[in-house]
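Enquirer: just coords:
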DNA sequence: CACTTTTGTTCAAACGTTTGCACAAAATCG
DNA sequence: CGATTTTGTGCAAACGTTTGAACAAAAGTG
C-alpha cells in the first residue's frame, strides 16, 4: 500500500520515531542520520497520512467554511465566489486546506457543522454572513471552537470577526446621492434576518436625517439578493403617486434588476432614477449604464478572515477582535447626473 | 475532552466494540443493549472522531475539488460558483464533505493535490476543466486514485468524465448565426491550452464548412475568460478592413467585453454586430441588450460530477464512463436581427 | 580519569476507532 | 437431553503517527 513511516524506518535502518523527528526537524538528530533518512524518504516517495497525524496531534491543517443555508439562492451572487477566492487563496498560501459545507435545512446545516466541529475535522471555521440570531455562533462558543465571523453579531460582540462598516458605507452611499441633489431617495433592503440589511438601512436613514430629509417608510422595500427583487421593487416604486428620484440597493444584483426593469419600461438611468448599488461585483461596471457601487472589498474580507482564523487556531495573539475592511464608493454613470427637481 | 466511544462504553457498562457496533448497526447486537447504548450516546452527546475513523476504515467521506491553477483569473467567472454550487449541493445531500484546493504555481498545485491524495485526505477528487495535457490526470491514474474529470482528455479517453459536447454546442451556436443570414462570422477563443477552446473552435469551423462558408483565419482571435479580452477582440475586429457581422465567443464574459466596447464606440448590437456567448451565466440576460448564449448546464455538470465520483468511490458499477450534459441555445436580442448584407 | 552534561537514538504508550477471533449463553435440533 | 448452531458480547490487534521517558554513547569538566 502507501509508504508509511515504518517502511522508511526499516529501509533507513532507524526507528520510526527517528524518521518522525527528521520529518519535524527535531534539533537532536545527527546530520548524518537526517541526511540518510531524507534520502530514503525521497526514494520511497513518502507522504504522511494526515488522518494518523491529526489523530495524535489533534490538528488538521484545515479550515471549514460554512455557507449560509439557503445557499441555492445566495450563491447566485458573485459575492460568494469573491469571498471564497480570498479565503482559498490565503489558506493555500499558508498550507491550509479548505473544507466547505452547507445544508439545505436548518437541521441538515447543523448536522454538517457538527460533523466538522465535533468530528474534529477542521481546526476552525469561517461563518459566512450571519443572520440576526445565529444558532451557529452559540454552537461554536459552547464548544469553545475557534471561528471567525464574516459579518457582525449583536448578541456576541466580542467574537473574532471581519466585516466592513455597513452603516457608514450605506451612509456614504446615501450621502453621495444627496450631494447629487437628490432629496427623494428610496432603499431596497435585503432579508430582515440578515444583519447587513439592518445596518445598511440604518446608515441610509441616518444620512437622510443628517441632511434634514424626512424618511418615508413606503420608500423602503424589502427584497433579497436576486434580481427579481430589484425588478419587483422597481415596479413598486414606479407605480407610486410620488416616486423617489434615486435608489440605494442592498446589492448590485438587485440594482441590476431595477435597471433592467426601468430599461424595459423605457425609463432612463440616471435621468429618471439614479442608482447606487452595493458590493461592486464585476457586473456593475458591465451594465449599461454602469452602476455606481459601494465597494466593500469582498476579496479582502475573505482573505483577512482566513488569515485571522489561521492565526487564531495557531494560538497567535490577536491584536484586535474585530477587523473592519474599508469601503470605497465607485461612482459610475448610474448616479452621475444631478436630480432635476 | 471530547466524548469518545470509551466514555460511552463505560457509562453504558459495555465494551467499546459493542458501542462501535451499535453505531454501525451491526446485526448481532441485542435490541436491549442497542437501546441502552443509544441512550447514553445521546445523553453524552457523542460524535465520532472522523480522523480515527478514517485511519482504520481508510475512507474519509470527503471529496476533493482541484481548482485550475490560475484560479485568481478564472474564478472571476461565474462559471465556477455555478459548478461548485452543483458539487457542494449534491455532496452535502449524500453526506459527503467537500475539500477545495488550489495552488498559485504548478509546484504548489501538485503539492496541494499530493497532500490530498497521498495523505489520504479525500476519497476521490474532481478535476475542473483540464488543460490539454494535464499532469494531474497522469498523477491520479498512476496512483489509482478515483477521480472525475469535468471536461475531456484526449490523452486518456477512458476516464470518468462529465462534460458537454462542446464541438456540437459551438456548431449549433454558429449554425444559429448562419440561420440568421450571417456569412461573416468571427470567433473569440480561449487559451489554447484548454481543451474547451479547441473543441468550440472545431465546432465553429465545421459549421462554417457545412454551410459552404470559407473560414478566415484572421477572424479567429485568442482570448481568455476575462472581459478585457473581449474588448481587445472587439477593437481588433472593428479595425479590420473587412469586418465580420457576427461573433461567437468562448464565454459570456468575453461577449460582455465585446458588447461594452461596441457600446462605447457607438455601435449597436445586434445591428452592427451580432453576438452569441457561451455558458449562459446569469449576467448574459442582464446586459443591454441581453446576450444570446449557449447554456451548457453548468450546475448540472457539477452535480453530476459529484454524483459520479461518489458512486465511483463507493465502488458502485458505473454504467458509462463519460456523461454528456445536454446544451441548449438561449436566443436573446443580441443575435435576433437578420444580417443586412 | 572519574564525573557530569550533552547528544542521538529507541521504546512504548497514546490518539479513537474498527473488526477478526474467541467464547459464553441461549436457542435449536434430532 | 446432549450436541450443535446461533446470538450477543468482549478482547486485543491494527490503522500511522507523535512524543515523553529511558538510555547508551560521546563530549565536556575540574
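Expert: It's in. Given the structure is predicted, the values throughout are model-derived calculations rather than measurements. Numbering: from 1, shown residues only, chains lettered A, B, ... in the order given.

Enquirer: what number of residues lie near the residue of the stretch 201-341 of chain A found nearest DNA strand C?
Expert: For the stretch 201-341 of chain A, the residue closest to DNA strand C is residue A:313, as judged by CB to the nearest atom of the strand, at 17.8 Å. Placement of C-beta: from N, CA and C, glycine included. Residue A:313 has 22 neighbouring residues, counting by other CB atoms under 10 Å in any protein chain shown.

Enquirer: same deal with residue A:241?
Expert: Using other CB under 10 Å, residue A:241 has 4 neighbouring residues.

Enquirer: with residue A:322 instead?
Expert: Close neighbours of residue A:322, defined as other CB under 10 Å, add up to 15.

Enquirer: equivalent analysis for residue A:108, please.
Expert: Neighbour tally, residue A:108, other CB under 10 Å: 16.

Enquirer: who's the closest spatial neighbour of it, skipping the chain neighbours?
Expert: Nearest residue to residue A:108, sequence neighbours excluded (CB to CB, 6 or more residues apart in numbering or on different chains): residue B:92, at 7.1 Å.

Enquirer: please, which helix or strand holds the one you found?
Expert: helix B:78-93 (DSSP states H and E).

Enquirer: kindly report the same for residue A:237.
Expert: Here residue A:237 is assigned to helix A:227-239, by DSSP H and E.

Enquirer: after that helix, which helix or strand is next?
Expert: Using DSSP H and E, the helix or strand that follows helix A:227-239 towards the C-terminus is strand A:246-249.

Enquirer: for the closest residue to DNA strand D within the stretch 51-200 of chain A, report the pLDDT, please.
Expert: With CB to the nearest atom of the strand as the measure, residue A:52 is the residue of the stretch 51-200 of chain A nearest to DNA strand D, at 3.4 Å. Reported pLDDT at residue A:52 in the predicted model: 94.

Enquirer: tilt between whichever strand or helix holds it and helix B:50-57?
Expert: Applying DSSP H and E as the criterion places residue A:52 in helix A:50-57. Here the directions of helix A:50-57 and helix B:50-57 differ by 130 degrees (axes from the mean of the first three to the mean of the last three CA atoms, to 10 degrees).

Enquirer: who are the packing partners of the helix or strand following helix A:50-57?
Expert: Note on helix A:50-57: by DSSP H and E, the next helix or strand toward the C-terminus is strand A:62-66. Strand A:62-66 sits against helix A:78-93, strand A:97-101, helix A:106-118, strand A:124-128, helix A:298-313, with contacts defined as 3 or more CB pairs under 8 Å, 6 or more residues apart in numbering or on different chains; DSSP states H and E.

Enquirer: what's the angle between the first one and strand A:124-128?
Expert: It refers to helix A:78-93. 160 degrees.

Enquirer: could you give the angle of helix A:78-93 to strand A:97-101?
Expert: Counting by the same axes, to 10 degrees, helix A:78-93 points 150 degrees away from the direction of strand A:97-101.

Enquirer: and the helix holding residue A:237, which residues are buried?
Expert: Using 16 or more other CB atoms under 10 Å in any protein chain shown as the test for burial, helix A:227-239 gives A:227, A:229-234, A:236-238.

Enquirer: quick one: least confident of these?
Expert: Per-residue pLDDT puts residue A:227 lowest of the buried residues of helix A:227-239, at 82.

Enquirer: which residue packs closest to that residue, ignoring adjacent ones?
Expert: residue A:257 (3.4 Å).

Enquirer: so for stretch A:211-222, mean pLDDT?
Expert: 94.

Enquirer: ok so, going back, who touches the residue of the stretch 201-341 of chain A closest to DNA strand C in this structure?
Expert: Neighbouring residues of residue A:313 by CB atoms under 8 Å, 6 or more residues apart in numbering or on different chains: A:59, A:63, A:123-124, A:146.

Enquirer: that one and residue A:186, how far apart?
Expert: Residue A:313 sits 44 Å away from residue A:186, taking CB to CB, to the nearest Å as the criterion.

Enquirer: now do residue A:42
Expert: 66 Å.

Enquirer: these two: who's more crowded?
Expert: Using other CB under 10 Å as the criterion, residue A:42 and residue A:186 rank with residue A:186 on top: 25 against 10.

Enquirer: residues contacting the more buried one?
Expert: Residue A:186 makes contacts with A:219-221, A:233, A:237, A:244, A:246-248, as judged by CB under 8 Å, 6+ apart.

Enquirer: can you check residue A:51 too?
Expert: So residue A:51 contacts B:51-52, B:54-55, B:60, B:119-121 (CB under 8 Å, 6+ apart).

Enquirer: just to revisit the earlier point, now tabulate the helices and strands packed on strand A:62-66 in TSV and tack on mean pLDDT.
Expert: As requested, those are arranged in TSV below (pLDDT from 0 to 100):
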stretch	mean pLDDT
helix A:78-93	85
strand A:97-101	89
helix A:106-118	84
strand A:124-128	92
helix A:298-313	95
